[in-house]
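K.L.:
Need coordinates for the below:
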Amino acid sequence: MKILSLFSFVLILASCATTRITDNEIDKVVEVSCGTCQFGMIGESCQLAIRVDGKEYFVEGSTLQDHGDEHDAEGGMCNAVRYAHVKGTKKYGVYMVSSFELLPMDSIPQL
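P.N.:
This is a model prediction of the structure:
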């Protein structure tokens, strides 16, 4: 009986360890824009970035050009901060996004 209980306990611990969600994962609406033009990040050129919990991160897996003309005066991300629903994982200080859905200009979600 003790062996069965111990085995069950170990199995539960193993399953918890494999399903643990880390602070590096994201699946929420965040501010998005050009990191160099709007967020004041140091970079070689215009590059897509997100703001998560008050901190800015460059993005890989999506670009400014994927979401229209970045220099458009009416909402290009070099001229405005926008919102997007983003899914991804932070690695080496950069968010590797698996999903990036830019929200319409007139939407201002509650963060």
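
K.L.:
what comes into contact with stretch 93-111?
P.N.:
With contact meaning Cβ atoms under 8 Å, 6 or more residues apart in numbering, stretch 93-111 is reached by 26, 28-32, 50, 52, 57-62, 66-67, 74-75, 80, 82-90. All C-beta spots, glycine's among them, are computed from the backbone N, C-alpha and C.

K.L.:
actually stretch 82-89, sorry about that
P.N.:
So stretch 82-89 is contacted by 24-33, 50, 59, 61, 75, 95-103, 105, 107-109 (Cβ under 8 Å, 6+ apart).

K.L.:
repeat that with 7 Å
P.N.:
24-27, 29-33, 50, 61, 75, 95-103, 107, 109 (Cβ atoms under 7 Å, 6 or more residues apart in numbering).

K.L.:
of those, buried ones?
P.N.:
When the contacts of stretch 82-89 are checked for burial by 16 or more other Cβ atoms under 10 Å, the buried set is I26, V30, E31, V32, S33, I50, G61, G75, Y95, V97, F100, L102.
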